[in-house]
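# Provided below are the primary sequence and the corresponding predicted coordinates.
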Amino acid sequence: MSPPLPDNVGDALVKAFSNTTGNLIKQVTVTDDKGSPTGQTKPRFIIQSHGYLDVRAYVAAGLAFPKDATTFELLYPKDGLKQLNDLDVNIYQETENAMVNVFNSCNDFNTNSLPNFRTITNETITAAQLAIQSLTGLGEGSFQAMLDILTSDKYSQPGSEDSDEFQGAAQAASDILYDMSKTAKEKANKIENLAGSITSYGSKIEDIKAQVDQVVTKFQGKPAKDGEAATDGYMSKLNTELKDARKALQDAVDAANTAKAEYDHDKSVANWAVSYIWIPIAGWISGTTVIIIYNNRATAAWNEYQKQLGLQTDDNRNIASLEAVISGVNLLSRQNKVMSNEIAKAKVALTEIQNTFEEMGRDLERAAEMMGAAKGFVRRSLFERKALIKARVDSAIQDYNDAIAAAEELLVTDSNIQTSGITPDVDPPKIE
């Protein structure tokens, strides 16, 4: 049940300027390069805390897949995969279709939807800047200036509200609140429209995920579940010699991502840009250099895998082709699974931003309507609550400033995001 609407202008103003930016930001602990708290905190924008940077990284991973049949067949020559094709005459084409579809969807999202995250962030900054200007930046015409007049001691007595000064200040304050309400509603509508393509992409990802899961299950098998026996995938039949090396590499990447997840859960943030490391066979290590120890373990595991692969391919050149397609399918599995989760988180953030501006617009509009009456009950309500109202306005200004700082930091980090291959001979996907 929604809380009752305020029945006086004082309470309406208190509500309008309490927790003004809602859940758009949260204060997080700043850590040093060892992950230890520095004693400082800073605001983090909701889009960042809900995985936007990971979305970018996994889109980049999607762009690393072959873009068409010709590219796929160059990367994974069919004549080098006889052992695979003997197991399943359809698997080669199914794998090609899945990888090309993931590339196409990520390419479309990268071009048409990903920029909307930055636009929404900029819209938030603009709205907060306009709100601060309305509250403080217009000099004698600001909302704070009008509030000082309306709560002056000379208007402490009944009837004093009939003066031209009081009436004019009340009307000016009402107009400012209406303008702020209008801006908030416009931002909510614009954000809803911008979020539409991202939401539709989330649905597309789920459709592709079913196709990818089918291919991945053929390769990797599936565990026992709900009374069904476990099944072995083609990987166990293709090449068992490198199984231990692959598992060690996957375990190292999983450990790094687990550390990143725990780090995020603790609401900490490193005080520098975010880097992502791409390991072809195992997927992404996403996060900051706070987990560099885990990155180093993954590097060592990757080097061992490469060493073992080199030993195997000296004996059997077909192993190189088999391992290449295994690597591609592993990356396909991880990229698509995580992408689905991260897009879902990002959609929650976008909905929260929209809802915050909608509520802001409603609260400011109600306060404006009551302020515009400029009757005795308005004077009394303002005077009785003047200390609380002024404190809430000051708090709202700080909220807006924090939102601006957090959003601007996201834009800077977004511009400096790094993706790299874990070894020099790997061409990393590039984020444009």
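Great, that's in hand.
# hang on, Q167 packs against S160?
No: in this structure Q167 lies outside contact range of S160 using Cβ atoms under 8 Å: 10.9 Å. Backbone N, C-alpha and C define where each C-beta goes, glycine included.
# can you give me the strands for the stretch 151-300 of the chain?
221-222, 231-232, 268-270, 275-279, 283-287 (DSSP state E, counting those that start in this stretch).
# Just give me the lowest mean pLDDT stretch among those.
Taking the mean pLDDT of each of the strands of the stretch 151-300 of the chain, the lowest value is held by strand 268-270, a mean of 57.
# looking at the protein, which residue lies furthest from center?
Checked against the mean C-alpha position of the chain, the extreme residue using Cα atoms, centre = their mean is G159, at a distance of 53.6 Å.
# which residues does that one contact?
G376 (Cβ atoms under 8 Å, 6 or more residues apart in numbering).
# Check P77 too.
P77 sits next to S321 when contact means Cβ under 8 Å, 6+ apart.
# Sketch out the low-pLDDT regions of this structure for me.
Residues of the chain that meet the criterion pLDDT under 70 lie in 1-5, 32-35, 239-241, 261-275, 280, 283, 286-293, 313-318, 374, 419-432.
# tell me what the longest strand along it is packed against?
Once the chain is assigned using DSSP state E, the strand that runs over the most residues is strand 37-45. With contacts defined as 3 or more Cβ pairs under 8 Å, 6 or more residues apart in numbering; DSSP states H and E, the secondary structure elements packing on strand 37-45 are strand 25-31, strand 268-270, helix 386-416.
# Name the stretch among the ones you listed that sits most buried.
For the helices and strands packed on strand 37-45, the stretch with the most neighbours on average is strand 268-270, a mean of 20; neighbours defined as mean count of other Cβ atoms under 10 Å.
# my guess is P43 meets N23, correct?
No: using Cβ under 8 Å as the test, P43 is too far from N23 to be in contact (11.7 Å).
# show me where the stretch 151-300 of the chain has helices.
When assigned using DSSP state H, counting those that start in this stretch, the helices of the stretch 151-300 of the chain occupy the ranges 164-220, 234-238, 243-265, 292-315.
# Excluding sequence neighbours, find me the nearest residue to T199.
K347 (5.8 Å; Cβ to Cβ, 6 or more residues apart in numbering).
# do the same with L364
The spatial neighbour of L364 that comes closest, neighbours along the chain excluded (Cβ to Cβ, 6+ apart), is S181 at 3.8 Å.
# Make sure the one you found is actually in contact with E365.
Yes: with contacts defined as Cβ under 8 Å, S181 counts as touching E365 at a distance of 4.1 Å.
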